[in-house]
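[1] after the sequence you'll find the predicted model.
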Amino acid sequence: MFKREGFYIFAKRILLLALCILTAMFQNTEGLLPEIFGSRFMPLIPLAVCIGIFRGEMSGLIYGAIAGCFWDVCSSGADGIHAFYLAFIGCAAGVLTHYLMRRNIVTQYCLTTVSCVIFVLIYWFITVYIPVGDAEYKALLTFYLPSAVITIALSFVSYFTVKLITGEKRND
């Protein structure tokens, strides 16, 4: 039924899907991940980046969209913004590592930093600044940017987990 290589590829895909589900569960369930100074860790962003880095642009797009849909289900923000953004950054990470960058942890930190900061700024602008008019930028400086810093600092967990699942032995 399955060739030996086909079974391993299928198993990797199932493990990545399970990782997306578990990560979304940990992120979206209150109390499973600790809050540091009132800011929350957003592990789905580095997960989408890492899948894009190790599996390519199409896998980054698909798994990013899946992870974003899980985030959208539990979010009170704009509908579909998480699915669109995670699909975009997963695909962009795959394209950038395919053509321009190496597959290593420095690249992952650079892409995760840019992705987190842009996401936090867009999300704050759409959900806080436009409806409420946060002219003093208090929510941005006390909640959203610290959440991005925590996510960037802990993104190595996603890097090594996805690297282990995909079986990547070398860096480009």
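    Received, thanks.
[2] need the contact list for the spatially most central residue of the chain.
    Nearest to the mean C-alpha position of the chain, by Cα atoms, centre = their mean, lies residue 45 at 1.7 Å. Neighbouring residues of residue 45 by Cβ atoms under 8 Å, 6 or more residues apart in numbering: 86, 89, 112, 115-116, 119, 151, 155. C-betas here are computed from N, CA, C, even on glycine.
[3] need the longest helix for the chain.
    In the chain, assigned by DSSP state H, the helix with the most residues is helix 4-28.
[4] quick one: contacts of that one?
    Here helix 4-28 has contacts from 2, 32-33, 40-44, 47, 51, 55, 59, 63, 66-67, 70-71, 73-74, 158, 161-162, 165-167, using Cβ under 8 Å, 6+ apart.
[5] cool, stretch 57-77 as well?
    With Cβ under 8 Å, 6+ apart, stretch 57-77 has contacts from 16-17, 20-21, 23-24, 27-28, 44, 47-49, 51-53, 55, 79-95, 98, 123, 126-127.
[6] now do the helices in this structure.
    4-28, 44-55, 57-74, 81-99, 105-124, 130-132, 138-139, 145-153, 156-166.
[7] buried sites along the first one?
    Of all the residues in helix 4-28, those buried under the rule 16 or more other Cβ atoms under 10 Å are 12, 16, 19-20, 23-24, 27.
[8] ditto for the fourth one
    Of the residues in helix 81-99, those scored as buried under the neighbour-count criterion (16+ other Cβ under 10 Å) are 81-83, 85-97.
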